[in-house]
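**Student:** Quick one, what's the 3D model for this:
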Amino acid sequence: MSRFEDELDTRIAELRQRLAQARAEQDELREQELLTDLETLIDIAGRTDVDTKQMEAVLEAETGALPVIPDLSADPGESPTGVADEPEGFTSTD
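**Tutor:** Predicted structure coming up:
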């Protein structure tokens, strides 16, 4: 691991501690600022070719974000939308 990656890991760990403190104090503004800082670190890491999968998992855990699960039943070549097509003969005004 490079020194840069070590520093990123250290900064992320510090941010997580500060996030926990902001949440304990119910300081929502500070919490949002710290989440933005975390997103910025992940963005910097991604632009410098650092693997961000673990960092993104940390962000998802901190924000409570649910992972997006692709629709594997879609036809190949189609872009999955996650929204089912309406059956024939059905309109939303029925």
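**Student:** where does the protein dip in pLDDT?
**Tutor:** Residues of the chain that meet the criterion pLDDT under 70 lie in 1, 65-94.
**Student:** switch the cut-off to 80
**Tutor:** 1, 59, 63-94 (pLDDT under 80).
**Student:** could you pull out the helices for the protein?
**Tutor:** For the chain, applying DSSP state H gives helices covering 3-24, 28-47, 53-63.
**Student:** Touching the longest one from outside, list them.
**Tutor:** Under the criterion CB atoms under 8 Å, 6 or more residues apart in numbering, residues 1, 28, 30-31, 34-35, 37-38, 41, 44-45, 48, 50, 55, 58, 62 lie in contact with helix 3-24. The way it works is simple: take the backbone N, C-alpha and C, and place the C-beta from them, glycine included.
**Student:** ok, and the closest non-adjacent residue to Glu62?
**Tutor:** Spatial nearest neighbour of Glu62, excluding adjacent residues (CB to CB, 6 or more residues apart in numbering): Leu19 at 6.0 Å.
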